[in-house]
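Student: just to be clear, the model below is a prediction. Sequence and coordinates:
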Amino acid sequence: MTMTPYSTNMRPNALAIRKRQDSHPDLKRQPERRSLLMRKYQCTYQSADGEVRHSDQIAPALPLFESAFSAFARGTLIETEQGQFAIEDLEPGMNVISPGSASSEIIWIGSMTIVPGAGPAGYQCSNLTRVMSNALGMNRPGHDLIFGPGARMLTRPAGLHEASKDNRLLTPVNDLADGDNIISILPPRPVEVFHLCLNQHSLISASGLEVESFHPGPRFESTLGENMLSLFMSLFPHVHHPEDFGSLHIQRLPIMSANGTEVA
């Protein structure tokens, strides 16, 4: 079967069900379940025996799932102990430079492809955010960067100057769009996006900007049913339980979905 970035999980025998509803008015009172948009997710991870393994899975295109795979656009340069590497060239086991702290080991890399117009009618493609060179200071970033909807950056959000000790919080990059130096864009063609899990929640240096490593958030499991939690955890073969993601080490603002609910 050919794998595509999106597919829909259609109920079997839908036509037969509709015919039975036409024949039996009482059946019409039961709403038909909506098709669930599915997406292809890819991950590379370091197993318990130290081997680097790869996995492709189909899972729901829900905001929490997508946020785990959509921080950095392909081509983003990441600082490592061996120098700068494009995000797509990183491998688990490499050490990234975490500003202000010791280096951190990459243990999981996730990726997915955002394809404009590929979903069913009514599906809203996720916007990307372009941060222009020098938008946040000299060489911050050193060149234009593209971030996905799952990215948070360490910065000083307006109106929250007293919220943290150093006046900085991890803020969703798409919340920083000002239409001038930081711009929300709808990709004209497919874009591959990535995210990283480190051995602990930390910062990743991307062209002079401090960007968060992936963490689903404290008690995220309470927002998911048993089956959906099991499916979500299956995308992270390097952990076995929600608490294995560890603690959040930096204050952050929530990523919000299009309908105003908190994602992570």
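Tutor: Looks like it came in fine.
Student: Ser103 contacts Asn95, correct?
Tutor: Yes. Counting by CB atoms under 8 Å, Ser103 touches Asn95, with 4.1 Å between them. (Glycine included, C-beta is placed from N, CA and C.)
Student: hey, what's in contact with both of the two?
Tutor: Applying CB atoms under 8 Å, 6 or more residues apart in numbering, one finds that Ser103 and Asn95 are jointly contacted by Glu81.
Student: just the CA atoms of stretch 77-85, as PDB, please.
Tutor: Extracted in PDB, the C-alpha atoms of stretch 77-85 (Å, rounded to 0.1, in the frame of the first residue of the first chain):
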ATOM      1  CA  LEU A  77      21.200  24.400  11.200                       C
ATOM      2  CA  ILE A  78      21.600  23.000  14.700                       C
ATOM      3  CA  GLU A  79      24.700  23.500  16.900                       C
ATOM      4  CA  THR A  80      26.300  20.300  18.000                       C
ATOM      5  CA  GLU A  81      29.600  19.400  19.600                       C
ATOM      6  CA  GLN A  82      30.900  18.500  16.100                       C
ATOM      7  CA  GLY A  83      29.700  21.900  14.600                       C
ATOM      8  CA  GLN A  84      26.600  22.900  12.700                       C
ATOM      9  CA  PHE A  85      24.400  20.200  11.100                       C
END
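Student: report the buried residues of it.
Tutor: Counting neighbours by 16 or more other CB atoms under 10 Å, one finds that the buried residues in stretch 77-85 are 77-80, 85.
Student: same check on stretch 65-81?
Tutor: 65-73, 76-80.
Student: in helices only, show me these.
Tutor: Secondary structure from DSSP state H places 65-67 of the buried residues of stretch 65-81 in helices.
Student: and Thr76, how far is that from Val131?
Tutor: Distance, Thr76 to Val131, by CB to CB, to the nearest Å: 11 Å.
Student: re the thing from before, which of the buried residues of stretch 77-85 fall within strands?
Tutor: 77-80, 85 (DSSP state E).
Student: just name the closest of these to Leu154, please.
Tutor: Nearest to Leu154, judged by CB to CB, of these is Glu79 at 14.3 Å.
Student: correct me, but the closest one touches Ile97?
Tutor: Yes. Using CB under 8 Å, Glu79 is in contact with Ile97, at 4.0 Å.
Student: which neighbours do the two have in common?
Tutor: Contact with both Glu79 and Ile97 is made by residues Ser205, according to CB under 8 Å, 6+ apart.
Student: how far does stretch 219-231 stretch from one end to the other?
Tutor: Counting by CA to CA, to the nearest Å, you get 16 Å between the two ends of stretch 219-231.
Student: quick one: mean pLDDT over that stretch.
Tutor: Per-residue pLDDT over stretch 219-231 has a mean of 94.
Student: which of the residues in it are buried?
Tutor: For stretch 219-231, a neighbour-count test (16+ other CB under 10 Å) marks 220-221, 224, 228, 231 as buried.
Student: repeat for stretch 45-52
Tutor: 45-46.
Student: which residue packs closest to Val131, ignoring adjacent ones?
Tutor: Spatially, and ignoring its direct neighbours in sequence, Val131 is nearest to Leu145 (4.8 Å; CB to CB, 6 or more residues apart in numbering).
Student: ok, that neighbour - how many residues close by?
Tutor: 26 (other CB atoms under 10 Å).
Student: read off the pLDDT value for it.
Tutor: pLDDT, Leu145: 96.
Student: quick one, what contacts it?
Tutor: With contact taken as CB under 8 Å, 6+ apart, Leu145 is in contact with 73, 76, 130-131, 206-207, 209.
Student: relative to Leu248, how far out is it?
Tutor: Leu145 is 24 Å from Leu248, where distance means CB to CB.
Student: center of the protein - which residue?
Tutor: Ser67 (2.4 Å; CA atoms, centre = their mean).
Student: gap between that one and Leu128?
Tutor: Relative to Leu128, Ser67 is positioned 14 Å away (CB to CB).
Student: shared neighbours, the two?
Tutor: Listed as contacting both Ser67 and Leu128 by CB under 8 Å, 6+ apart are Pro149.
Student: for the stretch 1-150 of the chain, just list every one of the helices.
Tutor: Counting by DSSP state H, counting those that start in this stretch, the stretch 1-150 of the chain has helices at residues 14-23, 63-67.
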